[in-house]
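Participant: What shape does this take:
(chains A, B and C)
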Amino acid sequence: MLAFAEQGMNGLMMGAIYALFALGMVLIYGVMHVLNFSHGVLFMAGAYVCQVIFAQLTGNYFVAILGSMLVLALVGCLLEKGIFQHLRGSLSMQIVASMGLIMIVQNGIIYFFGPLALHMRVETVESKIRLGPLSFTAQHFVIIGVTLVAVVALDLFLRHTRLGTALRATSQNLEAARVVGINPDSIFLMTFALATALAALAGALLGPLFLISPAMGDLPLLKGLTAIVLGGMGSVPGAIIGGFVIGILEAQATLVLPTDYRDAVVFAALIGILLFRPYGLFGKRERGEP
Amino acid sequence: MTSLKGLALLAAVIGAACVPVLLPDQPYVVNTLTLTLCTVIPAIGLNLLYGQAGLLSLGHMAFTGIGGYTAALLMKGAGWALPEAMLAAAIVAGFAGFLVGIPCLRLRSHFFVIVTLGVGMIVYTFFNNLDGITGGAQGLPGVPRPRPLTIGDFTIEFRTPRGFYWLALLTTLGTLLVQWLIARSPFGFSLSAIRQDETMAASRGVDVFAHKLAAFVIASAIAGVGGALSVTFLRVAAPTMFDLHASMNIVAIVLVGGPGYLAGPILGGFIFIALPEFLRVAAEFRLIIFGFVLVFIALFANRGLIGLADSLLSKMKRDRVADEQPGASPHAVKSEG
Amino acid sequence: MAPILEVSAIAKRFGGVVALDGAGFSVDKPGIVALIGPNGAGKTTLFDIICGRQNADSGEVRFMGERVDGLPPFRLSRLGFARSFQECRVLPEATCLENMLFSAQDKTLRSEMAGIFRGRAHNRNTVDKARELLAMVGLERFSNRPASDLSFGQKRLVEIASTLMGAPKVLLLDEPASGVNPTLLNILHDFLLDQAPKMGLLLVVIEHNMEFIMSVAERIVVLHQGRVLEDGPPAAIQASPQVIEAYLS
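Facilitator: This next block holds a predicted model:
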């Protein structure tokens, strides 16, 4: 029972990371119909940028997180303008470009920082918080807390600001949005920047808890993709729930299966669910589709 | 196929076969080319799947691995000869493709792509952890090379780089033949109709699911053949040979070379594997350059390098001849693309 | 003998919206039948149900007496149904001739696998037939050009001409006149009037272009609010006060 609760907490923490990650991917997919497979390396780059700012410029972790989000948002703008804007509507070319970016970013990082993992010594990782008989790092709570704040802020932004409304309008009907005077190009740009900032946030949050390494984004990418598929490909709440479900599921799976099979369990669950619901848990069949 | 193309093909095959004779004291070059061919074979399977039927699988090396481990177990454990082991590898990998295809091929495009990634991940996890069968992370070392082949007085020794290179070349040509046969057949036409417009193909009587499943099984079997060849060449079957990075690499090979073109995987494989070895570029730089190449392909050359050359050539031709002659060749069969 | 096509009591609702409420009609002999109705009358839904693109909530579709509702499009095609699409679907990379030959090909996996070594050689008669049909729609000179080179109207002609290569018994046309310029529309008009009786074809057309409909159809079925409002020859339909009222309201 205790192990169950402990894994529940760990699952919630990883679920928060996956949710942030999936949120970025689903925003891009929902608004632009682009599947950005390079989200994983942007997550990883976010952690590295955070580490650099934290260790070399300021000792303040939260300033470093914000800095990293800002830097990655700029990177996102560049990628949207230079690459993904031109690839809307071609899934395979989105994948090709993403693979290219994965190679560039991953090996660029190896070139500058070396292949070995880095430690990020943040105070919240060293200090423990006790919950009854269990103890967790303060970072667990930081991750969950920050994620909740980010999700609520995003929800407020999407529903109660002009820009957020414009974003939702664009994702629902591009032509109609254009007719009412929304410039889709700037919405796309903003969406990408927002999504990459969320990836950076997730990377910067997870970095101190585990290690920062060039491959740290590979598995979150797979989990993030799984989360948005479970969520029905385009549903924001679906992606968040999907992220948490995966985090908790894989954490609990380690209680009954060897840790090595954790990732396999997630995908087996995905395939099993798609067998019965081919459009995801929260997805609906689009009109005209077979 | 025009006779000119046929001649060019013949010349290319003879040229390729002569490489080890022309470079007798360069076993490194020959081995590198062999390694390239070992990767080209699964890429040919993927080319059939993506270039012909439009199905992008990001976990294709899983089937190469299934074939590879099958062959490794049979050759090492049961003492099978390579041809039988290769056949078994093709059958087992094809059957695995059948089992995976049934649930996955019913999904629409985005879901299919993501699920294939998951399949690649799951199969890799099994390779890496089923210690009793696959040897876990260390894999199965000590896979034997094929036995020497004696025809009359002539003996081909597959322990030598030269002998194995010829074997790899022959196997590659065999799989290319399969792809060529499919590309020019009515079956290939139906697959390409599915790629161009699935709804239209179905309305004209193509059982889209059955056709996709058949293509998936054949592509997996070809991948299995490549796996068998790889493990007997490298003399080991190890999980990292068949992980997601390897799958991504062959996707890149197919897309850079030119999906749908017979020569696409060969060009792609040469660019991705042989060229960097010969140029001796540091690994990180090599991959960074490839990254830029891929971004370029995505933005400017959707049909790969051969497709780019093809469209440039036909544009030049169109500039020369304003309009094509009506009714030139009634049996115009596009064997490529 | 059973009717060629018998559509009876089809009902379909989307959420709370009733699209079809017991619509049906029956055709005994080959000819050209039009399905018309004001916007939202349920034509497209009925058409989709006949083509196997959607399933009805209740009611049935019979072809030569056999139930065919619920069959997937490829099965319907193999039984002798063919259709064109409103958005016009051809194989863009294939040449016009290949588009024609694709329809004639036996596309069961079994026969394709049996013929895997034969290549895509077609017998002389099939190729001649394809060329003849292309010539009839005035596109013979585009035989060896990819279909993507054609204008929308020309694609439409290739699409419809190619469906005939499969020798269908029922051909369903989804707004064939939309987006086609008058010259090409005349070609299409003459082509349909010429080929339908020759091939013993039952043509079912949905269309908004009244002029086109009145000049090709022998019989018109008018849908209104998910039911059949009127069913008869064009002259009777044009004179029907109910139809006029439905279109005006």
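Participant: Now for chain C: which helix has the highest residue count?
Facilitator: helix C:182-198 (DSSP state H).
Participant: what helices or strands is that helix leaning on?
Facilitator: strand C:31-36, helix C:124-136, helix C:152-165, helix C:210-216 (3 or more Cβ pairs under 8 Å, 6 or more residues apart in numbering or on different chains; DSSP states H and E). Any C-beta I mention is one placed from the backbone N, CA and C, and that applies to glycine too.
Participant: Quick one: the strands in the chain, in order.
Facilitator: You didn't say which chain, so I picked chain A. A:128-131, A:134-137 (DSSP state E).
Participant: You answered for a different chain; I wanted chain C.
Facilitator: C:5-14, C:17-27, C:31-36, C:58-63, C:66-67, C:81-83, C:170-174, C:202-206, C:219-224, C:227-232.
Participant: Go through those and name the closest to chain A.
Facilitator: The closest of these to chain A is strand C:5-14. By Cβ to the nearest Cβ, the value is 9.5 Å.
Participant: which stretch of helix or strand covers B:Leu213?
Facilitator: helix B:208-234 (DSSP states H and E).
Participant: hmm, that helix in reach of chain C?
Facilitator: Yes. For helix B:208-234, a contact with chain C is found by Cβ under 8 Å from any Cβ of the partner chain, at B:208, B:210-211, B:214.
Participant: In ChimeraX, select just the buried ones from these.
Facilitator: The buried residues among the residues of helix B:208-234 next to chain C can be selected in ChimeraX (16 or more other Cβ atoms under 10 Å in any protein chain shown) with this line:
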select /B:208,211,214
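Participant: If we only consider the residues of helix B:208-234 next to chain C, which is nearest to A:Gly11?
Facilitator: Nearest to A:Gly11 among the residues of helix B:208-234 next to chain C: B:Val208, at 39.2 Å, using Cβ to Cβ.
Participant: Select, out of the strands of chain C, the one closest to chain B.
Facilitator: Nearest to chain B, of the strands of chain C and by Cβ to the nearest Cβ, is strand C:81-83 at 5.5 Å.
Participant: Does B:Ala274 touch B:Thr36 like I think?
Facilitator: Yes. Under the criterion of Cβ atoms under 8 Å, B:Ala274 makes contact with B:Thr36 at 4.6 Å.
Participant: More neighbours: those two, which one.
Facilitator: Neighbours per residue (other Cβ atoms under 10 Å in any protein chain shown) separate B:Ala274 from B:Thr36, with B:Thr36 holding more: 23 against 19.
Participant: tell me the secondary structure for that one?
Facilitator: helix (DSSP: H, G, I helix; E, B strand; the rest coil).
Participant: wait, what's in contact with it?
Facilitator: By Cβ atoms under 8 Å, 6 or more residues apart in numbering or on different chains, B:Thr36 lies in contact with B:269-270, B:273-274.
Participant: residues from the stretch 1-150 of chain A in reach of chain B?
Facilitator: A:35, A:83, A:86-87, A:90-97, A:99-108, A:110-111.
Participant: Can you say which of the residues you listed are buried?
Facilitator: Looks like those have A:35, A:83, A:87, A:91-97, A:99-108, A:110 buried, using 16+ other Cβ under 10 Å.
Participant: Take the helices and strands packed on helix C:182-198 and lay them out in CSV including distance to A:Tyr279.
Facilitator: Listed next are the helices and strands packed on helix C:182-198 as CSV, based on distance: least, Cβ to Cβ, whole Å:
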stretch, distance to A:Tyr279
strand C:31-36, 31
helix C:124-136, 39
helix C:152-165, 29
helix C:210-216, 37
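Participant: Residue ranges of each domain in chain C, please.
Facilitator: Structural domains assigned to chain C are C:5-80+C:168-248, C:93-162, following the TED database.
Participant: In JSON lines, list these along with mean neighbour count.
Facilitator: Compiled in JSON lines, the domains of chain C are given as follows (neighbours: other Cβ atoms under 10 Å in any protein chain shown):
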{"stretch": "domain C:5-80+C:168-248", "mean neighbour count": "18"}
{"stretch": "domain C:93-162", "mean neighbour count": "19"}
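Participant: Test my guess that B:Tyr50 contacts B:Val254.
Facilitator: Yes. Here B:Tyr50 reaches B:Val254: they are 6.1 Å apart, a contact under Cβ under 8 Å.
Participant: And the two? Which one has more around it.
Facilitator: B:Val254 (30 against 24).
Participant: That one and chain A, how far apart?
Facilitator: 10 Å (Cβ to the nearest Cβ, to the nearest Å).
Participant: Verify the contact between that residue and B:Ile266 for me.
Facilitator: No. The criterion here is Cβ under 8 Å, and B:Val254 misses it with B:Ile266 at 10.6 Å.
Participant: from chain C, which residue is nearest to chain A?
Facilitator: Checked against chain A (Cβ to the nearest Cβ), the nearest residue in chain C is C:Arg53, 7.5 Å away.
Participant: now that residue, nearest residue through space, not along the chain?
Facilitator: Distance criterion Cβ to Cβ, 6 or more residues apart in numbering or on different chains; nearest residue to C:Arg53, sequence neighbours excluded, is C:Pro73 at 6.7 Å.
Participant: Against B:Val206, how distant is the one you found?
Facilitator: 9 Å (Cβ to Cβ, to the nearest Å).
Participant: Give me the residue ranges of chain C where confidence is low.
Facilitator: C:249 (pLDDT under 70).
Participant: which parts of it sit against chain A?
Facilitator: So chain C meets chain A at C:Arg53 (Cβ under 8 Å from any Cβ).
Participant: let's see it at 10 Å
Facilitator: Within chain C, the positions near chain A by Cβ under 10 Å from any Cβ of the partner chain are C:14, C:48, C:52-54, C:72-73, C:87.
Participant: Contact partners for the residue of the stretch 1-150 of chain B found nearest chain A?
Facilitator: As assessed by Cβ to the nearest Cβ, chain A sits closest to B:Gly118 within the stretch 1-150 of chain B, at 3.4 Å. Taking Cβ atoms under 10 Å, 6 or more residues apart in numbering or on different chains, we find B:Gly118 in contact with A:222, A:225-226, A:229, A:263-264, A:266-271, A:274, B:58-59, B:104.
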